[in-house]
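**Student:** With the sequence up front, the predicted model follows.
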Amino acid sequence: MEYIRVTKENLEKEHICCAISNNKDVQVVSKKAWLADRFDEGLVFLKSVERGKCFIEYIPAENAWNPIHAPGYMYIDCLWVSGSFKGHGYAGDLLSECIKDSKEKGKKGLCVLAAAKKKPFLADPKFLKYKGFEVCDEADNGIQLWYLPFEKGAGTPSFKECAKHPHIEEDGYVLYYTNQCPFNAKYVPVLEEVAEKDGISFKAVKIRSREDAQNAPTPITTYSLFCDGEYITNEQMNDKKFRKLIDGRK
């Protein structure tokens, strides 16, 4: 498999999302704008030449849009291999490139979000364990921080206190999200429309800065849905899934 590193110079022409074919789609536009602002902060986006069917996105942990404490580490935003590309070792290839690059940059190791059981849009814990990662912290909602130190005594990453006990003091449905995930640009407005139409208390809180992300009340900032203060899910939803969730909680 041949891989391409997306940069400021080639961002506009490169395809970055396997699920969206149109580069002018609002989802792609929002994601590319988010990426463009992160490149100067050390973000790396490495993808296959096959229209983004598999990619890895990582950034120095100090600049990650997550409430973690991991000085000297590299944080993996996303490692994604989809469809027929699974099972061919591409995830291992991408992770190996990340490790190589991170070591060359003098990093202490890698860290990434997962859970004891695989959750949507999070790293596969079985894969992480196979590659030598270990759990170094866990929030009350079961979201875990995994790490792979490159040497002994590298220090252990952890969640900030604000993320260890995901809870907010607001009634109704409250969604925290960023433009790191391209799907949010399309589906967050869909949820807002459903809520308005059905008379549901709903508020979408867009995290617009690294500082706000690093002090968020949830380990997952790309998409975290709360209901009456309780954390519910990190899975992006369309109108049908949202209504099903609401009906199930009545």
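**Tutor:** Everything's here; your move.
**Student:** From here on, just use CA atoms for contacts and neighbour counts.
**Tutor:** Will do.
**Student:** From the chain's centroid, how far away is the strand ranked longest in the chain?
**Tutor:** For the chain, the longest strand by residue count, based on DSSP state E, is strand 73-81. Strand 73-81 sits 8 Å away from the centroid of its parent chain (Cα atoms, centre = their mean, to the nearest Å).
**Student:** what does it rub up against?
**Tutor:** 53-62, 64, 90-91, 94-95, 102, 107-113, 121-123 (Cα atoms under 8 Å, 6 or more residues apart in numbering).
**Student:** Domain map for this structure?
**Tutor:** By the assignment in automatic domain parsing, the chain contains the domains 3-161, 163-248.
**Student:** if we can go back for a sec, take the contacts of strand 73-81 and keep only those in strands.
**Tutor:** Secondary structure assignment by DSSP E places 54-60, 109-113 of the contacts of strand 73-81 in strands.
**Student:** out of these, what pair is the most spread apart?
**Tutor:** Farthest pair in these (Cα to Cα) is 54 and 109. Separation: 22.2 Å.
**Student:** residue nearest the centroid of the chain?
**Tutor:** residue 77 (4.8 Å; Cα atoms, centre = their mean).
**Student:** And that residue, what's its pLDDT?
**Tutor:** Looking at residue 77, its pLDDT reads 97.
**Student:** What's the separation between it and residue 243?
**Tutor:** Per Cα to Cα, to the nearest Å, residue 77 is found 29 Å from residue 243.
**Student:** Now do the strands in the chain.
**Tutor:** Using DSSP E, strands in the chain cover 3-6, 44-48, 54-60, 68-69, 73-81, 109-115, 134-138, 143-149, 158-159, 173-177, 202-206, 223-227, 230-233.
**Student:** Mind listing the strands the fifth one pairs with, and their directions?
**Tutor:** This means strand 73-81. Neighbouring strands of strand 73-81 in its sheet, by DSSP bridges, are strand 54-60 (antiparallel), strand 109-115 (parallel).
**Student:** cool, the second one as well?
**Tutor:** For strand 44-48, the pairing partners within the sheet under DSSP bridges are strand 3-6 (antiparallel), strand 54-60 (antiparallel).
**Student:** If you count neighbours, what's buried in the first one?
**Tutor:** Buried residues in strand 3-6, counting neighbours by 16 or more other Cα atoms under 10 Å, are found at 5-6.
**Student:** average pLDDT for it?
**Tutor:** Strand 3-6 carries an average pLDDT of 92.
**Student:** quick one: contacts of that strand?
**Tutor:** Contact partners of strand 3-6, identified using Cα under 8 Å, 6+ apart, comprise 14, 44-49.
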